[in-house]
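Peer 1: sequence and predicted structure are below.
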Amino acid sequence: MGLLVHEAQVFGVELLETVFLLSPAHHKHVSKCLVCVQKELGLSYIPELSTVILSLLVTLIQTELEHEQLSILKLLLFLLKWKSENGMVI
C-alpha cells in the first residue's frame, strides 16, 4: 500500500509541474490545494516536491506583482515547514 501512496504523490508532483508549465498565472491556488490535501491526509513530504520548490523559486524571481510574490512565498513556507516536520534537512 505504501508504494501506491508514494506513486500517487509522485503523480501529484508531475501534475503540479504540468500546471506550472501550462498556466503559470493560476498555478498557485491549484498547487496549494494539491499539497494541502496531501498533508491533511497525513502523507509524508517526499523528495520529489523539491522540484516544485525550485519551480516556485524561479517563478518568484520572474514575477513583478507583489500579491503573486506573497502567494508564492506562502506556498514555499508551507512546503518547507512540511519538509522540516518530516525531519528532512532544509
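Peer 2: It's in.
Peer 1: nearest spatial neighbour of residue 79, chain-adjacent residues omitted?
Peer 2: Of all residues not flanking residue 79 in the chain, residue 53 sits nearest, at 5.7 Å (CB to CB, 6 or more residues apart in numbering). Heads up, the C-betas are built off the backbone N, CA and C, glycines and all.
Peer 1: what's the helix or strand for the one you found?
Peer 2: helix 49-62 (DSSP states H and E).
Peer 1: then residue 81?
Peer 2: Here residue 81 is assigned to helix 66-85, by DSSP H and E.
Peer 1: follow-up on the earlier one: packing partners for the helix holding residue 53?
Peer 2: For helix 49-62, the packing partners by 3 or more CB pairs under 8 Å, 6 or more residues apart in numbering; DSSP states H and E come out as helix 2-22, helix 27-40, helix 66-85.
Peer 1: go with 6 Å
Peer 2: Applying 3 or more CB pairs under 6 Å, 6 or more residues apart in numbering; DSSP states H and E, one finds that helix 49-62 contacts helix 2-22, helix 66-85.
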